[in-house]
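Asks: Give the three-dimensional model of this entry:
(one chain, ligands or ions: 1)
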Amino acid sequence: MTSDHITHWIAGRPWHGVAARRGDVYDPATGAVARQVDLADAEVVDRAVAAALEAFRQWRHTSVARRTSVLFAFRELLNARREELAALIVSEHGKVHSDALGEVARGLEVVEYACGIPQLSRGSFTEQASTGVDVYSVRQPLGPVAIISPFNFPAMVPMWFFPIAIAAGNTVVVKPSEKDPSAANLLARLWQEAGLPDGVFNVVHGDKPAVDRLLEHPDVKAVSFVGSTPVARHVYETGTRHGKRVQALGGAKNHMLVLPDADLDLAADAAVNAGYGAAGERCMAVSVLVAVDPVGDELVERITRRIAELKVGPGSAPGSQMGPLVTGAHRDKVASYLDAGTAEGAALAVDGRAHAVEGEPGGFWLGPTLFDHVKPGMSVYEDEIFGPVLSVVRVGSYDEGLALINANPYGNGTALFTNDGGAARRFQHEVEVGMVGINVPIPVPVAYYSFGGWKNSLFGDAHAYGEDGVRFFTRGKAVTQRWLDPSHGGINLGFPTNS
Ligand code: NAD
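Replies: Below is the predicted model:
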């Protein structure tokens, strides 16, 4: 379904108006421009929002049974077409095929969760709250909602939000990353095949102007954003200033704390998997390994041995374990930290620039890199690098490691490796991070819990999906009713009390 020109999807069809601006979409494994994507201006955004508003007038009245049956049909199509979707992700993002399939599977989980919307959005009823008076509550949809997503999960991150939003009776405008825009268009076609009415799911492609128009548009009632912290803060502040409900998930610097009693092979495997999977372009990637004395040397040695075996190559090649980075500019930025870290005094234990790559020379390659003896204050420690660069920080005790993690301005994910249940219990209780893994390096919660970080990793009150997702995409209404015995004692200007 891919063509070399990607355009918006509005009211059930591609929008072919002339775009004033277009962006290049690369094949990261070759470095070539594979296609171009239209970049929306305010007028295109307004069309998409108008389509979503028009569709909302019907969709919000569509029965829960009908909405659920569309969700089930979408689930079946997504499952049947997961290979096609994964291949599309690989071609624009660069991650390896199995990883792209994993992304689709985790998005599918949220679709399956949203199939339970009849139960999830049920209200409550109190009979005879006062004499002859019943009180009940319902949850109703908000209207058109905007979903703005990052490049690193072009299918999964939008699926954290839109299945629940649509199931709950809202209509949606998705603004995917302009770096890998095609997955969203395939999802739009699957919705149509599933029987979703036109205009309930729309896609506008673009960058800052498109986002800013969505943030100020009066008919957009809520915004779910995922991306870097500076943009998340901008989205939260601008969206709420315009009266919208906003959840804005930001960047991360995830620490993995390894205690001396941990299984060091398990810890080394986990550090490599979570540090270099998807070339480190995951918000839940481990980017700092905190080794409690005396296990630092041993861990660095075991990780170094494992790195040497990693196969770096095109995401579509069966043997590849790690693909290229998303763009040349991003690869260069990540690579610049190798010089910066060295200049700041960290020890470059493994230089990713020297790693063998089985791919075309023009691809956006950078091999797995390991820094040892990293300290707070160095840019490799402070910045979210978002590439295959793992930093090892040595600490003398559990308390020192915990204090380091809690002092970090990000609080997305963290992991503890230990065989001590008491230490694990203490850690999950004391750590100031939203998602915690105990001997699990990438603790992305299942769909019936919610996903969200603390501190600079999330702006707003609601985490993504799970119960938070249902609450975010609905608003409560409480009804107090009296049918029998309508007499209420005649004129009485006092405040109503219950009896
Ligand atoms: P990004 O912030 O550059 O872009 C995210 C979205 O915002 C894109 O749709 C982009 O078009 C738009 N955008 C970019 N600059 C903008 C601006 N100035 N004004 C308005 N909109 C703008 O992020 P990215 O590089 O696509 O993704 C990587 C980042 O996302 C990392 O920081 C990563 O940690 C974060 N991320 C976080 C989570 C999470 O759950 N917390 C999940 C995935 C990714």
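
Asks: This structure against the ligand: which residues are in contact?
Replies: Neighbours of the ligand within the chain, by C-beta under 6 Å from any ligand atom: 148-153, 157, 175, 177-178, 207-208, 211, 226-228, 231, 234, 249-252, 283, 384, 386, 412, 453, 457. Backbone N, C-alpha and C define where each C-beta goes, glycine included.

Asks: Swap in 5 Å and give it another go.
Replies: 150-151, 177, 207-208, 211, 226-228, 231, 249, 251-252, 283 (C-beta under 5 Å from any ligand atom).

Asks: Weed out the non-buried ones from those.
Replies: With neighbours counted by 16 or more other C-beta atoms under 10 Å, the residues of the chain next to the ligand contain buried members at 150-151, 177, 207, 211, 226-227, 231, 249, 251-252, 283.

Asks: So which of those are in strands?
Replies: 226, 249 (DSSP state E).

Asks: what sits against the residue of the stretch 201-350 of the chain found nearest the ligand?
Replies: The ligand sits closest to Gly227 of the stretch 201-350 of the chain, with a gap of 2.7 Å, by C-beta to the nearest ligand atom. Counting by C-beta atoms under 8 Å, 6 or more residues apart in numbering, Gly227 touches 148-150, 235, 249-251.

Asks: and if we set it to 6 Å?
Replies: Pro150 (C-beta atoms under 6 Å, 6 or more residues apart in numbering).

Asks: pLDDT value on it, please?
Replies: Gly227 is assigned 98 on the pLDDT scale.

Asks: ok, so of the residues of the chain next to the ligand, who is nearest Tyr398?
Replies: Ala252 (22.1 Å; C-beta to C-beta).

Asks: host element of the residue positioned nearest the centre of the chain?
Replies: Residue closest to the average C-alpha location in the chain (C-alpha atoms, centre = their mean): Val157, at 3.9 Å. In the assignment (DSSP states H and E), Val157 maps to helix 156-167.

Asks: If you count contacts, what does that helix end up packed against?
Replies: Helices and strands touching helix 156-167, by 3 or more C-beta pairs under 6 Å, 6 or more residues apart in numbering; DSSP states H and E, are helix 97-114, strand 144-148, strand 171-175.

Asks: what's in contact with the longest one?
Replies: Right, the one you point to is helix 97-114. 71, 75, 78, 82, 85-86, 89-90, 153, 155-156, 159-160, 163-164, 167, 278, 315, 447-448, 465.

Asks: List buried residues within those residues.
Replies: For the contacts of helix 97-114, buried by 16+ other C-beta under 10 Å: 71, 75, 78, 82, 85-86, 89-90, 153, 155-156, 159-160, 163-164, 167, 278, 315, 447, 465.

Asks: confidence score at the nearest residue to Ser391 once chain neighbours are set aside?
Replies: What sits nearest to Ser391 in space, not counting adjacent residues and going by C-beta to C-beta, 6 or more residues apart in numbering, is Val374, at 3.9 Å. We have a pLDDT of 98 for Val374.

Asks: try Pro486
Replies: For Pro486, pLDDT reads 61.

Asks: Repeat that for Thr2.
Replies: 54.

Asks: mind checking how far Ala308 is from Ala270?
Replies: 18 Å (C-beta to C-beta, to the nearest Å).

Asks: if you count what's nearby, which of the two comes out ahead?
Replies: Ala270 (23 against 11; other C-beta atoms under 10 Å).

Asks: Helices along the stretch 251-400 of the chain, start to end?
Replies: 264-276, 296-309, 328-343, 379-382, 398-407 (DSSP state H, counting those that start in this stretch).

Asks: Show me what counts as buried in the second one.
Replies: When neighbours are counted by 16+ other C-beta under 10 Å, the buried residues of helix 296-309 are found to be 296, 299-300, 302-304, 306-307.

Asks: Over to the longest one?
Replies: With burial defined by 16+ other C-beta under 10 Å, the residues of helix 328-343 counted as buried are 330-331, 334-335, 337-338, 341.

Asks: before we move on, what about stretch 116-128?
Replies: 116-117, 120-121.

Asks: Stretch 219-227 too?
Replies: Under 16+ other C-beta under 10 Å, the buried positions of stretch 219-227 are 220-227.

Asks: Tell me, how many residues neighbour Asp420?
Replies: For Asp420, using other C-beta under 10 Å, the count is 15.

Asks: What is the neighbour count of the closest residue to it other than its chain neighbours?
Replies: In space, and not counting its chain neighbours, Asp420 is closest to Asp261: 5.5 Å by C-beta to C-beta, 6+ apart. Asp261: 13 surrounding residues under other C-beta under 10 Å.

Asks: Wait, Asp261 touches Asn419, no?
Replies: Yes: when contacts are counted by C-beta atoms under 6 Å, Asp261 is listed as touching Asn419 (4.9 Å).

Asks: okay, now the domains of this protein?
Replies: 5-250+457-479, 254-438 (automatic domain parsing).

Asks: Redo the ones you listed as TSV? Include distance to Gly490.
Replies: TSV is the format used below for the domains of the chain (distance: least, C-beta to C-beta, whole Å):
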stretch	distance to Gly490
domain 5-250+457-479	16
domain 254-438	55
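
Asks: now for those, which one comes closest to Leu493?
Replies: Using C-beta to C-beta, the nearest of those to Leu493 is domain 5-250+457-479, at 18.0 Å.

Asks: gap between the two ends of that closest one?
Replies: Distance across domain 5-250+457-479, first residue to last, is 51 Å (C-alpha to C-alpha, to the nearest Å).

Asks: Give the buried residues for stretch 441-454.
Replies: Counting neighbours by 16+ other C-beta under 10 Å, the buried set in stretch 441-454 is 441-445, 447, 450-453.

Asks: Where helices are concerned, which of the residues you listed count?
Replies: Secondary structure defined by DSSP state H assigns none of the buried residues of stretch 441-454 to helices.

Asks: Make a markdown table out of the residues you listed and add pLDDT and distance to Leu101.
Replies: Formatted as a markdown table, those follow (pLDDT from 0 to 100; distance: C-beta to C-beta, whole Å):
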| residue | pLDDT | distance to Leu101 |
| --- | --- | --- |
| Pro441 | 96 | 19 |
| Ile442 | 95 | 16 |
| Pro443 | 97 | 20 |
| Val444 | 97 | 15 |
| Pro445 | 97 | 20 |
| Ala447 | 98 | 17 |
| Ser450 | 98 | 24 |
| Phe451 | 98 | 19 |
| Gly452 | 98 | 25 |
| Gly453 | 98 | 25 |
